[in-house]
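In: structure for this input, please:
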Amino acid sequence: MEIRHEFKPGDIGRLVELHGLLYSEEYGFDHTFEAYVAEPLAKFAMTKTDRERIWLVDDNNLLMGSVAIVKQSDDEAQFRWFLLHPSLRGKGIGSRLMNDTVAFCREKGYKRIFLWTVSDLHAAAAVYRRAGFRLIEEHTHTIWGVWLTEQRYDLEL
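Out: Numbers count the residues shown, from 1 in each chain. The predicted structure is shown next:
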């Protein structure tokens, strides 16, 4: 397994596919979730700055996970596209990615990291809380074809 920071041909499509398939299988999300992932991911790939980074989890030349830090302002970064294929879960990779992203944000001088998630992602929420993120906002509504509760977590650096 390798963690890299540069896209290779096929990575963007694979990340969108992974998000679409896994969230459909595990949580019942529809195709609109793929569009929600695809648009900002494509923009990120085209305009990434030195205060932004992606971590791509490559297992035997197959992209199996990701996370990214996306600049929102000089002081604030967003933690996005956190995903691990089920075959890689429970091995400490998610915690390693979290530690790496927080260290990167500190190095780049951000004062806050925030993320949006949904309440059904219990294992991911545990990783967020262990890293010091606090739940600060919730909204329950229908999105991506399901009724769910979106949650915002913040980490003050």
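In: so the residue lying closest to Arg96 once chain neighbours are set aside, which of the three states?
Out: Nearest residue to Arg96 in three dimensions, chain neighbours excluded: Ile3, at 7.9 Å (CB to CB, 6 or more residues apart in numbering). Where C-beta positions appear, they are placed from N, C-alpha and C, glycine not excepted. What DSSP: H, G, I helix; E, B strand; the rest coil gives for Ile3 is strand.
In: again, but for the one 4 residues further on
Out: Recorded secondary structure, Phe7: coil (three-state DSSP).
In: about what we covered before: for the residue nearest to Arg96, give me its contacts.
Out: The contact partners of Ile3, by CB atoms under 8 Å, 6 or more residues apart in numbering, come to Trp55, Leu56, Val57, Asp58, Arg96, Leu97, Asp100.
In: for these, which one is nearest Ile136?
Out: Nearest to Ile136 among the contacts of Ile3: Leu97, at 21.8 Å, using CB to CB.
In: buried residues in the helix or strand of the chain with the lowest mean pLDDT?
Out: In the chain, the helix or strand scored least confidently by mean pLDDT, DSSP states H and E is helix 122-130, which has a mean of 95. Within helix 122-130, the residues that count as buried by 16 or more other CB atoms under 10 Å are Ala124, Ala125, Val127, Tyr128.
In: can I get those in a markdown table with distance to Met46?
Out: Below are those laid out as a markdown table (distance: CB to CB, whole Å):
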| residue | distance to Met46 |
| --- | --- |
| Ala124 | 27 |
| Ala125 | 31 |
| Val127 | 29 |
| Tyr128 | 28 |
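In: and those residues, which is closest to Lys71?
Out: When the buried residues of helix 122-130 are compared against Lys71 (criterion: CB to CB), the nearest one is Tyr128, at 19.6 Å.
In: my read is that the closest one contacts Leu121, right?
Out: No - when contacts are counted by CB atoms under 8 Å, Tyr128 is not listed as touching Leu121 (9.2 Å).
In: helices of this structure, start to end?
Out: 11-27, 32-47, 93-107, 122-130 (DSSP state H).
In: what about Ile113, distance to Thr32?
Out: Applying CB to CB, to the nearest Å, the value for Ile113 to Thr32 is 26 Å.
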